[in-house]
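**Q** Quick one, what's the 3D model for this:
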Amino acid sequence: MEAAIVIMALLFFAFVALGVYATVKAVKAAKRGVDRTINQARRTVEDTTLRAKSYGQGGVAGELAQLRLSLRTSMRATQDALQAGVGEDASLKESLGLFQRLTAHGRELDDDLKRLEREPDRARVAAQLQDLRERTERITHAADSLRWAARDRARQFAEDDLTSLSAQIDLEAGALRHWSGATAPDPATGDFSWPDAGAAAPDAEREQVWPAEAEVRAEAEGGGGADGAAKAGQRPDGENPDRQAPQAITARDPRLTTYPWEKAPRPETMN
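**A** Modelled structure (predicted):
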């Protein structure tokens, strides 16, 4: 009884622990989903704001907004391309590692540009624009190089796979069109004329018809008499050998047959 109570208690605590673990995992997953949604919404708002500033404002503020928008667009596109391709091509893991190192420089530049947007001394900011342009161009060029290299690699693999698949399909199509014993199709109807099964049968496998069976067949077909007897002596392949037809065997008169247990016949019964 005590063992059953202990087992029930252990099962209860196991179910409670499992429920707590599932609840924690569900809460963490929901939190990650909410954070992801918030981050996407924040990025969308920031991109929209930067796009509005780059088009609506001029001077130093518009230049800084344009640099930030170009940097963010290039880095995000490269990140999406590498993360999408690393699952199919393991060689992109090294490229993804290089991009993570490049991301650190990109974030540092974005923080500098964001800080300079709030700088009241526009003359000092204008003096640093040339250096900021060069840094932005170098980072975006490196990101674009990784992105286009990954896309070219994926395109080349797809082209090679398509070439190999086309060759296999051509080989299979040729094998499907290869058949034996068929003649060329009729140009008018397009139908194939296959060889007759009876014509292809060897002479040794043809049906043998013996003279007695031929005589029966001739009588059934109405060819009796001397003509039927002549046909009965022919072979089924049309040959007529130079030999006489076998003569019918005449049975003995049953009246002349005697058996040991019978008495000798009287002379008057023989007439």
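
**Q** So which bits of stretch 101-117 are buried?
**A** Buried residues in stretch 101-117, counted by 16 or more other CB atoms under 10 Å: 102, 106, 109-110, 112-113, 116. For glycine as for every other residue, the C-beta is placed from the backbone atoms N, C-alpha and C.

**Q** can you list those in CSV and add pLDDT and distance to A127?
**A** Formatted as CSV, the buried residues of stretch 101-117 follow (pLDDT from 0 to 100; distance: CB to CB, whole Å):
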residue, pLDDT, distance to A127
L102, 94, 26
G106, 92, 23
L109, 93, 17
D110, 91, 20
D112, 90, 14
L113, 90, 15
L116, 89, 11
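
**Q** Where does pLDDT dip in this protein?
**A** For the chain, the stretches with pLDDT under 70 are 180-271.

**Q** elements contacting the helix or strand containing K28?
**A** Using DSSP states H and E, K28 falls within helix 2-56. With contacts taken as 3 or more CB pairs under 8 Å, 6 or more residues apart in numbering; DSSP states H and E, helix 2-56 sits against helix 59-85.

**Q** Which neighbouring elements make contact with the helix or strand following the helix it packs on?
**A** Following helix 59-85 in sequence order, the next helix or strand is helix 92-117 (DSSP H and E). When contacts are defined as 3+ CB pairs under 8 Å, 6+ apart, helix 92-117 sits against helix 59-85, helix 122-176.

**Q** now, which of the buried residues of stretch 101-117 sits nearest D47?
**A** Of all the buried residues of stretch 101-117, D47 sits closest to D110, with 12.2 Å by CB to CB.

**Q** hang on, isn't the closest one packed against S70?
**A** No: counting by CB atoms under 8 Å, D110 stays clear of S70, with 10.8 Å between them.

**Q** any idea which of the buried residues of stretch 101-117 is closest to Y55?
**A** Distances from Y55 to the buried residues of stretch 101-117, taken by CB to CB, are shortest for L113, at 17.0 Å.

**Q** what about L132, neighbour count?
**A** 19 (other CB atoms under 10 Å).

**Q** next one: V125
**A** With other CB under 10 Å as criterion, V125 counts 21.

**Q** Surely it touches R118?
**A** No: with contact defined as CB under 8 Å, V125 does not reach R118; the gap is 10.0 Å.

**Q** Let me see the contact set for A41.
**A** With CB atoms under 8 Å, 6 or more residues apart in numbering as the criterion, no residue contacts A41.

**Q** what do you get for R151?
**A** Residues near R151 by CB under 8 Å, 6+ apart: A81.

**Q** From F157, how far off is it?
**A** Applying CB to CB, to the nearest Å, the value for R151 to F157 is 11 Å.

**Q** what do you get for G33?
**A** G33 is 33 Å from F157, by CB to CB.

**Q** which one of these two has more residues nearby?
**A** Regarding G33 and F157, a neighbour count based on other CB under 10 Å identifies F157 as having more, with 13 against 10.

**Q** So if we follow the domain assignment, how does this structure break up?
**A** Domain ranges of the chain: 1-56, 57-158, per automatic domain parsing.

**Q** so the helix holding K28 versus helix 92-117, what angle?
**A** Note on geometry: by axes from the mean of the first three to the mean of the last three CA atoms, to 10 degrees, helix 2-56 and helix 92-117 are set 60 degrees apart in direction.

**Q** now helix 2-56 against helix 59-85, angle please.
**A** Using the same axes, to 10 degrees: helix 2-56 against helix 59-85 is 140 degrees.

**Q** sorry, back to before: okay, the domains of the chain, which one's buried deepest?
**A** Of all the domains of the chain, domain 57-158 carries the top mean neighbour count, a mean of 15, counting by mean count of other CB atoms under 10 Å.
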